[in-house]
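*Asks:* Okay, predicted coordinates and the sequence, questions at the end:
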Amino acid sequence: MLILVPSFFVIALLYSTVGFGGGSSYIAVLAVSNIPYQLIPKIALVCNLLVVSGGCYHYWKNGHISKKLILPFILSSIPMSFMGGLFPIKEQTFYLLLTISLIISGIRILFLPDRNITEIKSPSIKLSLIVGAALGLLSGMVGIGGGIFLSPILINMGWARSKDAAAVASFFILVNSAAGLGGQLTKDFRAEELYSYFPLFIIVIIAGQIGSRIGTHSKISYSLIQKGTGVLILAISIRLLFKALIQ
């Protein structure tokens with residue numbers, strides 16, 4: 001726990017500045033800390049909820065969340081995220097899905113820079129529903145909020161600018177983390193298992209509030225730190241891949 005607390009503080013602080021909850025990195029740290037794999041998505045989803053709630057408030061307050069853009073995504077993602085949380089998953093399958101999602105996240109952070117968008121175009125409702133459903137299912141099964149995938153999609157497809165994409169991703173993470181956690185707890189509810197991780201929940205609330213205020217009110221760039229995070233995610237992904245393959 002002594003190692004997890006500062007790690008979670010840094011993760012929550014950095015990710016909240018760009019509208020993310022940090023779920024992928026929480027999972028990466030937990031997965032190499034000998035935490036029972038059934039608990040990993042529950043802990044990560046609770047932390048996601050606590051971190052992005054502050055970000056959603058600040059983004060909403062500053063007018064960055066587009067209800068028209070976000071609605072189709074969450075309409076399909078919420079039920080799929082709940083179903084993903086309910087889905088019984090074997091340990092090897094969990095680690096394989098986790099590794100794939102972490103590798104994609106790391107590559108996104110390292111090699112896919114944001115585009116400078118001059119003209120915003122709205123996605124079709126059908127396409128938004130499909131994307132939302134796919135990300136929601138993955139979110140519930142693995143324990144991520146899905147925003148780290150939605151944000152680059154919004155930017156690279158020209159559907160939103162960086163700040164607005166971060167705001168939409170933040171709200172997307174909030175609702176999907178709640179739905180995924182509901183599915184996870186419905187499948188296997190033992191609240192006492194989470195009590196010992198209470199310090200992690202407190203520390204991410206504090207870090208998330210600091211980061212979300214920086215992200216919504218400051219022009220400070222965390223590009224280099226994010227690149228370092230991407231390297232860390234990819235390194236842990238390789239370790240997890242070997243772990244999944246040898247089991």
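*Replies:* Cool, got the structure.
*Asks:* Looking at this protein, which helix is longest?
*Replies:* Scanning the chain for the longest helix, with DSSP state H as the assignment, gives helix 162-187.
*Asks:* how far out from the middle of the chain is that helix?
*Replies:* The chain centre lies 7 Å from the centre of helix 162-187; the measure is CA atoms, centre = their mean, to the nearest Å.
*Asks:* And for stretch 4-24?
*Replies:* On CA atoms, centre = their mean, the centre of stretch 4-24 falls 10 Å from that of its chain.
*Asks:* what's the answer for stretch 132-146, then?
*Replies:* 9 Å.
*Asks:* Show me what counts as buried in it.
*Replies:* Using 16 or more other CB atoms under 10 Å as the test for burial, stretch 132-146 gives 132-133, 135-146. (Glycine included, C-beta is placed from N, CA and C.)
*Asks:* I'd like to know how far residue 184 sits from residue 2.
*Replies:* 26 Å (CB to CB, to the nearest Å).
*Asks:* Same check on residue 163?
*Replies:* Distance of residue 163 to residue 2, computed by CB to CB: 36 Å.
*Asks:* Would you mind telling me which of those two has the busier surroundings?
*Replies:* Ranked by neighbour count (other CB atoms under 10 Å), residue 163 and residue 2 place residue 163 first, with 15 against 7.
*Asks:* from memory that one sits against residue 63, does it?
*Replies:* No: Residue 163 is beyond contact range of residue 63, at 10.2 Å (criterion: CB atoms under 8 Å).
*Asks:* Check what pLDDT residue 118 gets.
*Replies:* On the pLDDT scale, residue 118 is placed at 63.
*Asks:* ditto for residue 217
*Replies:* pLDDT at residue 217 comes out at 62.
*Asks:* Next: the one 5 residues further on.
*Replies:* At residue 222, the predicted lDDT confidence score is 48.
*Asks:* Helix or strand for the residue nearest to the spatial centre of the chain, just tell me which one.
*Replies:* The residue lying closest to the centre of the chain (CA atoms, centre = their mean) is residue 145, at 3.7 Å. For residue 145, there is no enclosing helix or strand under DSSP states H and E.
*Asks:* and the gap between the closest residue to it other than its chain neighbours and residue 59?
*Replies:* Closest residue to residue 145 apart from its sequence neighbours, by CB to CB, 6 or more residues apart in numbering: residue 173 at 3.0 Å. Computed as CB to CB, the residue 173 to residue 59 distance reads 11 Å.
*Asks:* Show me the strands in the protein, by range?
*Replies:* When assigned using DSSP state E, the chain turns out to have no strands.
*Asks:* Turn the buried residues of stretch 132-146 into JSON lines, columns for pLDDT and distance to residue 18.
*Replies:* JSON lines is the format used below for the buried residues of stretch 132-146 (pLDDT from 0 to 100; distance: CB to CB, whole Å):
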{"residue": "132", "pLDDT": "93", "distance to residue 18": "20"}
{"residue": "133", "pLDDT": "94", "distance to residue 18": "24"}
{"residue": "135", "pLDDT": "90", "distance to residue 18": "17"}
{"residue": "136", "pLDDT": "90", "distance to residue 18": "21"}
{"residue": "137", "pLDDT": "90", "distance to residue 18": "24"}
{"residue": "138", "pLDDT": "84", "distance to residue 18": "20"}
{"residue": "139", "pLDDT": "83", "distance to residue 18": "18"}
{"residue": "140", "pLDDT": "84", "distance to residue 18": "23"}
{"residue": "141", "pLDDT": "83", "distance to residue 18": "24"}
{"residue": "142", "pLDDT": "79", "distance to residue 18": "20"}
{"residue": "143", "pLDDT": "78", "distance to residue 18": "20"}
{"residue": "144", "pLDDT": "77", "distance to residue 18": "15"}
{"residue": "145", "pLDDT": "79", "distance to residue 18": "13"}
{"residue": "146", "pLDDT": "81", "distance to residue 18": "15"}
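*Asks:* In helices only, show me the residues you listed.
*Replies:* 132, 133, 135, 136, 137, 138, 139, 140, 141, 142.
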